[in-house]
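> attaching a predicted model along with its sequence, questions to come.
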Amino acid sequence: MLEQPDSDRYLSPDVCQTVAARLRQLIRHWPDDDIDKMNALYLAEGMELAHQQNEILGFI
């Protein structure tokens, strides 16, 4: 995500699936009460939903 050009304001469903899975791996050992972990889980859930519904995920 950090390497995407500023003009790309969306992620494809396949990219969402890949990033969500990796994000969950990265945060699995973080404390459950960590606000960054909570936000990361919320983002991962949104990415997984976008993949399931075959929709792009847009950023504003």
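Received, thanks.

> quick one: the helices in the protein, in order.
Along the chain, counting by DSSP state H, helices occupy 13-27, 35-52.

> which residues of this structure score low on pLDDT?
Low-confidence segments of the chain, defined by pLDDT under 70, are located at 1-8.

> distance of the residue nearest to R9 when sequence neighbours are not counted from P31?
Excluding the flanking residues, the one nearest R9 by C-beta to C-beta, 6 or more residues apart in numbering is F59, at 5.0 Å. Every C-beta, even on glycine, is put in place using the N, C-alpha and C of the backbone. Distance check for F59 against P31: by C-beta to C-beta, to the nearest Å, it reads 27 Å.

> returning to that earlier point: the residue nearest to R9: what's it in contact with?
Shown here is F59, whose contacts under the criterion C-beta atoms under 8 Å, 6 or more residues apart in numbering are R9, Y10, L11.

> can you check D34 too?
Residues near D34 by C-beta under 8 Å, 6+ apart: none.

> residues touching D14, list them.
Contacts for D14 (C-beta under 8 Å, 6+ apart) come out as H51.

> distance of it from A40?
Taking C-beta to C-beta, one finds D14 at 20 Å from A40.

> and D33, by the same measure?
D33 is 13 Å from A40, where distance means C-beta to C-beta.
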